[in-house]
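heads up, no residue letters with this:
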Ligand code: HXC
Ligand code: NAP
C-alpha cells in the first residue's frame, strides 16, 4: 500500500548520518523513492559506496556519499561543506549514526564511554551546529530529525552510555525546537523500539535466547520493519508535518509501555555469561 504521493519529498536535499546501513539505509531508499536528493555519510567508504550504488540502481536518482567520522568536528565541517557544494544546499539533516553495545556499567572503560557518547551525543551536536549555523546565516528553513530510542526518556540499565547520550539528544531536540523555530528550523525525533538490523543485533542481541527475549517484550508480537520507520521519517521531514516541532514519535509496537528500559532484565545474566557476551558484542566478531 502506498501511503504517500511520489513527490512528497521532491527535490529536498537530505543528509543522513550512518546512511550506509540499517535504518539509515532504509530511510535513504525511501526518501529517494519520494523524490529527494540524498547524501549519506559514515566511517566505512566501501559500505557507503555499495549502498549508494544499490539504492541508485533500485530507485533511480542520485545518492551522494561522503566518508565522515561524526566524532571529529573537522570531518563534520568538511562533510557538510562537501554535500552543500554538491547539491547547492541541505534541506533536511537526519542524525542517525550511533554506537552502542550491552555491558554491565561497572565493566566499562573511559574509552568505551567516550566511544558511545562521542558518536551519539557529540556527533549529533557537531552535525546539528554545522548545518544549523548555515541555515541561520543564509536565512534558509530546515528540518532536523534525530533518531533516539524509547529508553532516551526512561533510561535503561546495561546500555547506560547510550541511554545517557540519547537522553542528551532528546534534550537537544526539544531545546532547539524552541530556540531555532524563529529561524524556520524544525526539530523532530523518532524513538524506535527493536528493529533487527545487523548493527544493533550483533551488539545488543547476539544470541538466540536474547533475541527471543527481545521479541517477547513487544505487545504486537514482532519486531519493527525498517520500511515502517522509513515511512514515519518521510512524513516527519516532509512539508506535510510542517507544524510538528519538538516532538518525539515512538515506533515500538507498544514495547516501552509494557516495561521501560529494554535491557533492564539483564540483571539475570551471570558474570560468566557476561564474559562470553563481551566477546560476542565487540565490533567485527
Ligand atoms: C565492552 C567494549 C565493547 C563491548 C567496545 N568496547 N565494544 N566494551 N563491551 N561490547 C570498548 C573497547 O574495549 C574500547 O575500550 C572502546 O569500547 C572503544 O572500542 P573500539 O572498538 O576501539 O571503538 P570504535 O572502533 O570507535 O567502535 C565504536 C563502538 C562500535 C561503539 C564500540 O560498536 C561501533 O562502531 N558501533 C557502531 C554501530 C552500532 O553500534 N550500531 C548499533 C546501534 S543500535 P578500551 O578501553 O579497550 O580502549 C542503538 C539502539 C538500539 O543504538 C536499541 C535497541 C532496542
Ligand atoms: P547500524 O546499522 O549499526 O547504524 C549505525 C550507523 O552509524 C552505521 O551506518 C555506522 O556506519 C554509522 N556510524 C557509527 N559510528 C559513526 C561515526 N563515528 N561517524 C559516522 N557514522 C557512524 O544500526 P541501526 O539499527 O540502523 O541504527 C540506526 C539508528 O537507530 C541509531 O541511531 C540507533 O541508535 C537507532 N535505533 C536503532 C534501534 C534498533 O533496534 N535497530 C532501536 C532504537 C534506536 P560506520 O560504522 O561505517 O561508521
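Structure's in. What do you need? Quantities reported herein were computed from a predicted structural model and do not represent experimental measurements. Ligands and ions are numbered 1, 2, ... in the order given.

any idea how far stretch 112-131 is from the chain center?
Stretch 112-131 sits 12 Å away from the centroid of its parent chain (Cα atoms, centre = their mean, to the nearest Å).

other residues contacting that stretch?
15, 17, 70-71, 73, 76-77, 80, 90, 93, 95, 97-101, 103, 142, 144, 146, 161-162, 164-166, 168-169, 172, 176 (Cβ atoms under 8 Å, 6 or more residues apart in numbering). Yep, even glycine has a C-beta here, placed from its N, CA and C like the rest.

give me the subset of those residues touching ligand 2.
Contacts with ligand 2 within the contacts of stretch 112-131, as defined by Cβ under 6 Å from any ligand atom: 17, 70-71, 97-100.

from those residues, which land in strands?
residue 17 (DSSP state E).

so which of the ones next to ligand 2 among the contacts of stretch 112-131 wins on neighbours?
Per-residue neighbour counts (other Cβ atoms under 10 Å) across those peak at residue 70, which has 27 neighbours.

from the contacts of stretch 112-131, list the buried ones, please.
15, 17, 70-71, 76, 80, 90, 93, 95, 97-101, 103, 142, 144, 146, 161-162, 164-166, 168-169, 172, 176 (16 or more other Cβ atoms under 10 Å).

now do the top strand by length along the chain, average pLDDT.
Assignment by DSSP E gives strand 185-192 as the longest strand of the chain. Mean pLDDT, strand 185-192: 98.

can you list the strands that that strand pairs with?
strand 142-147 (parallel), strand 247-251 (parallel) (DSSP bridges).

want to throw those strands into TSV with mean pLDDT and distance to residue 120?
TSV is the format used below for the strands paired with strand 185-192 (pLDDT from 0 to 100; distance: least, Cβ to Cβ, whole Å):
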stretch	mean pLDDT	distance to residue 120
strand 142-147	99	10
strand 247-251	98	15
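
which of those strands sits closest to ligand 1?
strand 142-147 (8.4 Å; Cβ to the nearest ligand atom).

so after that closest one, what's the next helix or strand?
helix 151-154 (DSSP states H and E).

before we move on, the earlier item: hey, which of the strands paired with strand 185-192 is tucked in deepest?
strand 142-147 (a mean of 25; mean count of other Cβ atoms under 10 Å).

if you average pLDDT over the helix or strand harbouring residue 132, what comes out?
Per DSSP H and E, residue 132 falls inside helix 123-137. With pLDDT averaged residue by residue, helix 123-137 scores 98.

can you point out the buried residues in the helix or strand harbouring residue 229?
Using DSSP H and E, residue 229 sits within helix 226-237. Using 16+ other Cβ under 10 Å as the test for burial, helix 226-237 gives 226, 229-237.

low pLDDT regions in the stretch 151-285 of the chain?
284-285 (pLDDT under 70).

mind listing the helices for it?
With helices called from DSSP state H, counting those that start in this stretch, the stretch 151-285 of the chain shows them at 151-154, 160-179, 198-204, 208-216, 226-237, 255-258, 271-280.

as TSV, the strands paired with strand 185-192 with distance to ligand 1 would be great.
Compiled in TSV, those are given as follows (distance: least, Cβ to the nearest ligand atom, whole Å):
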stretch	distance to ligand 1
strand 142-147	8
strand 247-251	11
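
let me have these in JSON lines, extended by distance to residue 214.
Output for the strands paired with strand 185-192, formatted as JSON lines (distance: least, Cβ to Cβ, whole Å):
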{"stretch": "strand 142-147", "distance to residue 214": "18"}
{"stretch": "strand 247-251", "distance to residue 214": "15"}
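
the residue most central in space within the chain and ligand 2, how far apart?
Using Cα atoms, centre = their mean, the residue of the chain that lies closest to the mean C-alpha position is residue 96, 2.3 Å off. Using Cβ to the nearest ligand atom, to the nearest Å, residue 96 is found at 5 Å from ligand 2.

list the contacts for that residue?
16-19, 23-24, 27, 147.

swap in 6 Å and give it another go.
16-18, 24, 147 (Cβ atoms under 6 Å, 6 or more residues apart in numbering).
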